[in-house]
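Trainee: Got a predicted structure plus its sequence, pasted below:
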Amino acid sequence: MVEGVHVKAKHKVLITSALPYVNNIPHMGNIIGCVLSADVFARYNRSQHNNVLFVCGTDEHGTATETKALEEGITPRQLCDKYYAIHKDVYAWFNISFDIFGRTSGENHHQIVQDIFHEIYANGFIIQKDVEQSFCEKDQKFLADRFVEGECPHCHFHDARGDQCDACGKLLDPTELLNPRCRICSNTPVIKKATHLFIDLTKLQPELEQWTKTQAKDGLWTQNAITTTQAWLERGLEPRAITRDLTWGVPVPLKGFEHKVFYVWFDAPIGYISITGQKEGIDWREWWQDPENVRLYQFMAKDNIPFHTIVFPATLLATKHKWTMLYHINATEYLQHEDGKFSKSRKTGLFGDDAIKTGIPVDVYRYYLLVNRPETSDTTFSWKDLQEKLNKELLANLGNLINRTLMFIKNFQEGTVYEAVLDEEANNFWEYVTEEEVQITNDLEHCKEKDALRRIMLLSQKGNQYFQEQQPWKTRTDDPESCRKAMFVLANLIKDLAILLEPFMPETSKRVFAQLNLECLAWKELSNFMLHNHKIGEPTPLFAKLEDKDIDKIKIELKGQASTQETQQTIKPLQLRVGRIVDLHRHPDAAKLFVETVDFGNNELRTIVSGLVGYYREDDLRGKTAVFITNLAPAKLRGVESNGMILAAQAENTVEALLVDAEPGTVVTIEGMEQGTEQIKINDFAQHTIETKEGVVVVDGKPMSVKGKPVTTKTVLNGKVK
């Protein structure tokens, strides 16, 4: 716990937010997950007059870039230039205060990545391995995973990618796809052996494990980072491929590998270092090779944890140089959207470029995302919730306090904050303010941004209560001295609120300072009474009410349709029932598939194909009852027709079928959702967000139940259900 509000860091503060992929437009989940959270911490540290460097940039290499460029009919460089500009504009509108927003395609990046590789190679941490890989005989090239498409072996979606199925979300290997095709020419690829380079994480594990054990404690890592890192280490680290058969990326500087590039996961984290060097007047070594004098804080969503606690640290350790290693990792859970998964093509969710067009002030979005920040569990973006938080919290609480106080001073005190002597009641109130400001400072020192913001809003609420209790509308004539004292206290509280709000709502903070007739102040000016015999500026309302019609108009413009109700009607309901797996065997033509005979009661037997091989033995599933989707259109998997799909939770490399204790045919219910009666396609299934939250299965935010009891999981407590 800090002792006061002025906390001077003993180290330079190096802050990074996860590098966003360049081939898309950031949505609200991307923004709160890394850049906005990091921005609050950077702004706070600058207000404390610490030496801060806030680094970010676009991650521009990899198959995602090459395939997107192929789709758009442009070169990877042209694609990166296009989306880099979009990202930069979105973050500029959100007032993200990067010291440098660079690119992994920058001139210095190739050299730094190659230099680090040479050091790791010289130290004996690089090995060669042969792997089976798709090869296109027409194009005469090995195909990276996203250059292979085909039918998903799990859900039968016909346009699954070689790394992951967009419909059911399951991770894939290109060799698992049914009816595979080359994305470039559509020919069927063959399987050949290819030689790749691997970093020997097995060899590095003892040193890495000791480092993580110490650093997680000293740096107060978020719990999800600790849990994820421990899980990786307990499973045992294996050598990890660092090369790919692509043309867009950092070339591998090793004989025999000249036509390969480094895997994006290897070169992207090194981008933090190279991007630092892209800032004019900065020597990156002063920040990245000075561990005694620099502390590194890294912000991201939970899916990026292993790359920052395992892979990137292992890469740096393997060089045997002294690096500024991760001190504190701050990983959020996911921000979901009320209408389902964020999808630009389906017009689901709010994206940065669209937020700019809504007419809602940027600080409203910043406030809503930060007060709804998914720090310990997933949260949901809801237009109704945003409307309520604007109207009830920003307008009725914060805006009301500032406007009513400053208007009163303008109208009844000649626009002047007069100095006053505090009585016991005022002293007690100010003591409370000071204590809360110390706690807010402590919260921000430990990156607890949601807690800090809530405390700030509570201070504003207490200010409104104090205004009411002092009744200045009466005392201005009955007891002018008491009235001046109340305005003296409240004006200085507003000054403090402007300081406290700057990391969260910088434009609002500037407007409040202007209305107070002050230059923007830093953290050290908290808790004092610097406003005395001071002429204020011109008070104006800070926020405008957001009406239902305003929300409806925004939804129409964003979705191109009449109402949320109509949107929801296009999402087809699921038919979920309990089925007993009476028998199963391996698919004769697919090594990772089971063919199951499932009893749904009333003599209804169905054949269902599932991808649970490798996660369950046949005896583990035979006789078990589980949750199935039973209105999914039939699909053939390697010649076997599947009539439904078993649901399973997945997180990292763990898969858990939704096993339940109920009779075959029992209806599985979702709160507020009707059972589906019409047949649906896998794309319709993908419209729903199904996940586990603290071991409870939820569909589109509503709990799944069987006979009134929630469906739960034992091992995958927080994950996706597919």
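Mentor: Okay, I see it. Residues are numbered from 1 along each chain as shown.
Trainee: show me the contacts for the closest residue to Arg404 other than its chain neighbours.
Mentor: Excluding its sequence neighbours, the residue lying closest to Arg404 (CB to CB, 6 or more residues apart in numbering) is Phe467, at 6.7 Å. The way it works is simple: take the backbone N, C-alpha and C, and place the C-beta from them, glycine included. Applying CB atoms under 8 Å, 6 or more residues apart in numbering to Phe467 gives the contacts 401, 404-405, 486, 490.
Trainee: Also Asn304?
Mentor: Contacts of Asn304 by CB under 8 Å, 6+ apart are 18, 34, 331.
Trainee: Likewise for Asn45?
Mentor: So Asn45 contacts 9, 13, 15, 52 (CB under 8 Å, 6+ apart).
Trainee: Give me the buried subset of these.
Mentor: Buried members of the contacts of Asn45, counted by 16 or more other CB atoms under 10 Å: 13, 15, 52.
Trainee: about what we covered before: gap between the residue nearest to Arg404 and Asn403?
Mentor: Note on Phe467: its distance to Asn403, by CB to CB, to the nearest Å, is 11 Å.
Trainee: His585 too?
Mentor: 72 Å.
Trainee: returning to what we had before: specify which member of the contacts of Asn45 is nearest to Trp265.
Mentor: Closest to Trp265 out of the contacts of Asn45 is Ile15 (21.4 Å), distances taken as CB to CB.
Trainee: surely the closest one meets Leu53?
Mentor: Yes: counting by CB atoms under 8 Å, Ile15 does reach Leu53; the two are 7.0 Å apart.
Trainee: For the stretch 1-150 of the chain, just list every one of the strands.
Mentor: Taking DSSP state E, counting those that start in this stretch to define them, one finds strands in the stretch 1-150 of the chain at 12-17, 52-58, 100-103, 126-136, 141-142, 148-151.
Trainee: Let's see the second one as PDB, backbone CA atoms only.
Mentor: It refers to strand 52-58. What follows is strand 52-58, C-alpha atoms only, in PDB (Å, rounded to 0.1, in the frame of the first residue of the first chain):
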ATOM      1  CA  VAL A  52       7.800   6.500 -19.300                       C
ATOM      2  CA  LEU A  53       8.000   4.900 -22.700                       C
ATOM      3  CA  PHE A  54       4.800   3.400 -24.200                       C
ATOM      4  CA  VAL A  55       5.400   1.200 -27.200                       C
ATOM      5  CA  CYS A  56       3.100  -0.500 -29.600                       C
ATOM      6  CA  GLY A  57       2.700  -1.200 -33.300                       C
ATOM      7  CA  THR A  58       1.200  -3.500 -35.900                       C
END
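Trainee: The chain should start at 9 in everything you say after this.
Mentor: Done: numbering now begins at 9, and the last item shifts to strand 60-66.
Trainee: follow-up on the earlier one: now for the contacts of Asn53, which pair is the farthest apart?
Mentor: Ala17 and Ile23 (11.7 Å).
Trainee: Let's test this: mean pLDDT of stretch 258-278, rounded?
Mentor: The pLDDT scores in stretch 258-278 average 95.
Trainee: any idea which helix or strand comes after the helix or strand of the chain with the lowest mean pLDDT?
Mentor: Within the chain, confidence by mean pLDDT, DSSP states H and E is lowest for helix 572-578 among all helices and strands, at a mean of 42. Using DSSP states H and E, the helix or strand that follows helix 572-578 in sequence is strand 584-594.
Trainee: same for that next one, what does it pack against?
Mentor: strand 602-607, strand 613-618, helix 626-629, strand 633-637, strand 676-678 (3 or more CB pairs under 8 Å, 6 or more residues apart in numbering; DSSP states H and E).
Trainee: Which residues does the first one contact?
Mentor: This points to strand 602-607. 587-595, 613-621, 626, 629, 636, 648, 652, 654, 672.
Trainee: Restricted to buried residues, select those in PyMOL.
Mentor: Of the contacts of strand 602-607, the buried ones can be selected in PyMOL as follows, counting by 16+ other CB under 10 Å:
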select buried, resi 587+588+589+592+595+614+616+617+618+619+620+621+629+636+648+652+654+672
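Trainee: Hmm, Ile128 and Leu262 touching each other?
Mentor: No: using CB under 8 Å, Leu262 is not in contact with Ile128; the gap is 11.3 Å.
Trainee: what about these two, which has more around it?
Mentor: Ile128 (24 against 16; other CB atoms under 10 Å).
Trainee: Now do the contacts for that one.
Mentor: By CB under 8 Å, 6+ apart, the neighbours of Ile128 are 134, 207, 323, 326-327.
Trainee: now, which of those residues lie within strands?
Mentor: 134, 207 (DSSP state E).
Trainee: mind putting the contacts of Ile128 in JSON lines, neighbour count and distance to Cys160 included?
Mentor: Below are the contacts of Ile128 laid out as JSON lines (neighbours: other CB atoms under 10 Å; distance: CB to CB, whole Å):
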{"residue": "Ile134", "neighbour count": "19", "distance to Cys160": "34"}
{"residue": "Ile207", "neighbour count": "24", "distance to Cys160": "30"}
{"residue": "Thr323", "neighbour count": "26", "distance to Cys160": "33"}
{"residue": "Ala326", "neighbour count": "25", "distance to Cys160": "36"}
{"residue": "Thr327", "neighbour count": "17", "distance to Cys160": "40"}
